[in-house]
Each structure stands twice: as structure tokens, then as C-alpha cells.
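Participant: Below: sequence and its predicted model.
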Amino acid sequence: DGGITQSPKYLFRKEGQNVTLSCEQNLNHDAMYWYRQDPGQGLRLIYYSQIVNDFQKGDIAEGYSVSREKKESFPLTVTSAQKNPTAFYLCASSRETGGSNTEAFFGQGTRLTVV
Amino acid sequence: AQSVAQPEDQVNVAEGNPLTVKCTYSVSGNPYLFWYVQYPNRGLQFLLKYITGDNLVKGSYGFEAEFNKSQTSFHLKKPSALVSDSALYFCAVRGLNTGFQKLVFGTGTRLLVSP
């Protein structure tokens, strides 16, 4: 089945640690996205990538980093510089970029908790 | 800048009654509009989209949405609610200009359908 796979589903991080969230898609989509979801705030864009080896900051990129070495993969690293990392993280992909009309497809999410 | 407003944090409706979840948007130019649904601890599932054409859009699970350009609204509707429709619903908008147009989400509306 085609889709987006995020792992792990639950992740616990100690203060000062970097952690990496995995996102893989087999939909042959060019564009990939990372969103953060907090209660009552909807989804906020962290980073996006329109094509391999290229990515751009979203609205809340501070304390996060990404890479896009393969079309299928867009891992997100939550660094120790992110002051409030506890949240639900969602990865998404879409077929086209720019002013396209294609919808985004989402993974099942990773819940990150700082302990 | 693009924005989406979902004015109701929660909508309560009895099973079998019609439901409406409200959404208004702001975007320069013509919009692409989307509705997504989220079940607890899951990713977002695509319900429907408006690109152009007929103002009444039909989507998954019996949902539909009406695009109203003069009121800049895109309300989600269903003629007869089911208990299983209880979930968190997100409206999203993307501009129709050249270059990358990010998908902007509302804060979500929780729908509670009582038996």
C-alpha cells in the first residue's frame, strides 16, 4: 500500500538531547512537510521541501533541522535548542509544489514527550 | 498572508441531525480549500477540496462543503450525523499564485455527535 510512515509513534526525550523523527513516503511525491500540533493551535509548519536536496524554513523552524537526501525520506531532528518540544509531530507529502491543487497526505504522527 | 478561521472550538449535534462546521478564509486571489478529519492520536485524513467549478463539493463519508466567495466561507456539512463522525475537523487554505504556496490550517473544531 502507498502511504506515509512515521516512526516511532511515541518518543521520549531527556532534557538536552537531540532526537530524530523518521518520515518515509512511497507515493513518489516531490513535496514533503513537517507540522507541529499543539492543543488549540492547529497545525504549524516547521519545514518543507519541494525537491530532493532542498528545504525551506516554515513558521516555527527554530530548534529544528531537516535533511532531504532522498525523495522518499524527510527526517526531522528536534535539537536541544527547541525549548518546548513536547508536541504531536505530523509529516505530510503532496504530489506537486507551487500553486498546485493537490491535497497533502499525512502520516500517523509521532508524539514527542520531554521527560 | 493566508489565514483560516474556525470560530467554533466544539460543535455538538445529535445523531441523525444535520451538522455544519464553519470555516472562513483569507487569501489573496483565488483559493484552494480543503477539509481534513483527525481521530485521536492519528494523522489527518483528507475529506474534500474545492479548486474551481461547482460551489458544492462532495467528499468522503457523506460530507460536503459549500464554497461562498462573497462570504469567504467554506463550511463543512453533512445531512445526517453519525456517532462515528465525532472527531477533530480542520479547514485549510492554499493560495493560487505562482511559486510555493503553503497550506495554512485553522485551529480545528471538535465535533461531538451524541447517540
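Facilitator: Looks like it arrived, so ask away. Residues are numbered from 1 along each chain as shown, chains lettered A, B, ... in the order given.

Participant: from here on, contacts and neighbour counts on C-alpha atoms
Facilitator: Will do.

Participant: State the pLDDT value of the most centrally placed residue in chain A.
Facilitator: The centre of chain A sits closest to residue A:34, judged by C-alpha atoms, centre = their mean, with a distance of 2.6 Å. What the model reports for residue A:34 is a pLDDT of 96.

Participant: And for it, nearest residue in space, chain neighbours not counted?
Facilitator: Excluding the flanking residues, the one nearest residue A:34 by C-alpha to C-alpha, 6 or more residues apart in numbering or on different chains is residue A:91, at 4.6 Å.

Participant: what's downstream of the helix or strand hosting that neighbour, the next helix or strand?
Facilitator: Assigned by DSSP states H and E, residue A:91 falls within strand A:87-94. Later in the chain than strand A:87-94, the nearest helix or strand by DSSP H and E is strand A:105-106.

Participant: Now do the strands in chain A.
Facilitator: A:4-7, A:10-13, A:19-25, A:31-38, A:42-51, A:54-57, A:64-66, A:76-78, A:87-94, A:105-106, A:110-114 (DSSP state E).

Participant: just chain B next, same as before
Facilitator: B:3-5, B:10-14, B:19-21, B:24-26, B:31-38, B:44-50, B:56-58, B:64-68, B:73-78, B:87-95, B:104-105, B:109-114.

Participant: quick one: the last one near chain A?
Facilitator: Right, strand B:109-114. No. Strand B:109-114 stays clear of chain A (C-alpha under 8 Å from any C-alpha of the partner chain), getting no nearer than 9.2 Å.

Participant: Residue B:62 - how many residues pack around it?
Facilitator: Around residue B:62 there are 12 other residues, counting by other C-alpha atoms under 10 Å in any protein chain shown.

Participant: if I look at it, how far off is residue B:77?
Facilitator: Counting by C-alpha to C-alpha, to the nearest Å, the gap from residue B:62 to residue B:77 is 9 Å.

Participant: what do you get for residue B:37?
Facilitator: 13 Å.

Participant: So for the two, which sits in the more crowded spot?
Facilitator: Using other C-alpha under 10 Å as the criterion, residue B:37 and residue B:77 rank with residue B:37 on top: 22 against 18.

Participant: That one against residue B:88, yeah?
Facilitator: Yes. Counting by C-alpha atoms under 8 Å, residue B:37 touches residue B:88, with 5.8 Å between them.

Participant: Output the below-cut-off pLDDT ranges for chain B.
Facilitator: For chain B, residues meeting the criterion pLDDT under 70 lie at B:96-100.

Participant: Please repeat the previous calculation with a cut-off of 90.
Facilitator: Scanning chain B for pLDDT under 90 picks out B:1-3, B:27-31, B:40-42, B:51-54, B:94-104.

Participant: hang on, residue B:33 packs against residue B:102?
Facilitator: No. Between residue B:33 and residue B:102 there is no contact under C-alpha under 8 Å: 12.0 Å.

Participant: Show me the common contact partners of those two, please.
Facilitator: Jointly contacting residue B:33 and residue B:102 under the rule C-alpha atoms under 8 Å, 6 or more residues apart in numbering or on different chains are residue B:94.
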